[in-house]
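Student: I would like to see how this sequence folds:
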Amino acid sequence: MKHVSLLVVVLLVGCSPSWSEGPYEIYWIDGVKSLGFNIGDGAYIGRIDEPRVINANEKFISVCACPEGSCAYYYIDRIKDHKFAEPTEFVFGPYTHEAFSGLQQKLSLPELSAE
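Tutor: Residues are numbered from 1 along each chain as shown. Okay, here's the model as predicted:
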C-alpha cells in the first residue's frame, strides 16, 4: 500500500505543469513539451513548442524555445490572445538574441534570465 501511494504522488507531480500563469501552462503530449492556452478539462491550444525559459508580465510573455533543436526567441501579446484567435495575430518570432533584446527594450517585454 505504501508503494502505491508513493507511485500516485510521483505521477501527480510528474503530470503537473512546470510553469503556469493565468490560462497559460506548460503541458506535454507524446513527449513534446509545449506552452499552451488552457481551455479547461485538460485541453490546451498550443502556442510555442519546446520552451526553455519563460517570463511574463501583464501584457506579454517572453519565451526562449528550441523547437526541432533550433533555439530562438518569441513573445506572446497577451492582450490580443484568446482561444479563438489565430496564432499569427499574437505570437511573434522567431528572433535572434540580438533582435529580441532590442524588442525587449522597445516593447517592455519581460526579461529572460538563465538563457
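Student: Now do the same contact list for the closest residue to Val32 other than its chain neighbours.
Tutor: Closest residue to Val32 apart from its sequence neighbours, by Cβ to Cβ, 6 or more residues apart in numbering: Asp49 at 6.2 Å. Yep, even glycine has a C-beta here, placed from its N, CA and C like the rest. Listed by Cβ atoms under 8 Å, 6 or more residues apart in numbering, the contact partners of Asp49 are 32-35, 65, 67.
Student: which of those lies closest to Tyr95?
Tutor: Nearest to Tyr95 out of these is Ala65 (Cβ to Cβ; 10.9 Å).
Student: measure the residue nearest to Val32 to Leu107 for me?
Tutor: From Asp49 over to Leu107 the distance is 23 Å, taken as Cβ to Cβ, to the nearest Å.
Student: again, but for Ala43
Tutor: 30 Å.
Student: Quick check on the two: which one has the bigger neighbour count.
Tutor: Leu107 (14 against 11; other Cβ atoms under 10 Å).
Student: Excluding covalently adjacent residues, which one is nearest to that one?
Tutor: Leaving aside its sequence neighbours, Leu107 sits nearest to Phe60 (Cβ to Cβ, 6+ apart; 6.8 Å).
Student: so who does the residue positioned nearest the centre of the chain touch?
Tutor: The chain has Leu35 as the residue nearest its centroid, 3.0 Å off, counting by Cα atoms, centre = their mean. Listed by Cβ under 8 Å, 6+ apart, the contact set of Leu35 reads 19, 24-26, 46-49, 51, 54, 61, 63, 65.
Student: So which of the residues you listed sit within strands?
Tutor: 24-26, 46-49, 51, 54, 61, 63, 65 (DSSP state E).
Student: all helices for this protein, in order.
Tutor: Counting by DSSP state H, the segments of the chain that form helices are 2-15, 97-107.
Student: Those: lowest mean pLDDT?
Tutor: Mean pLDDT values for the helices of the chain show the minimum at helix 2-15, a mean of 38.
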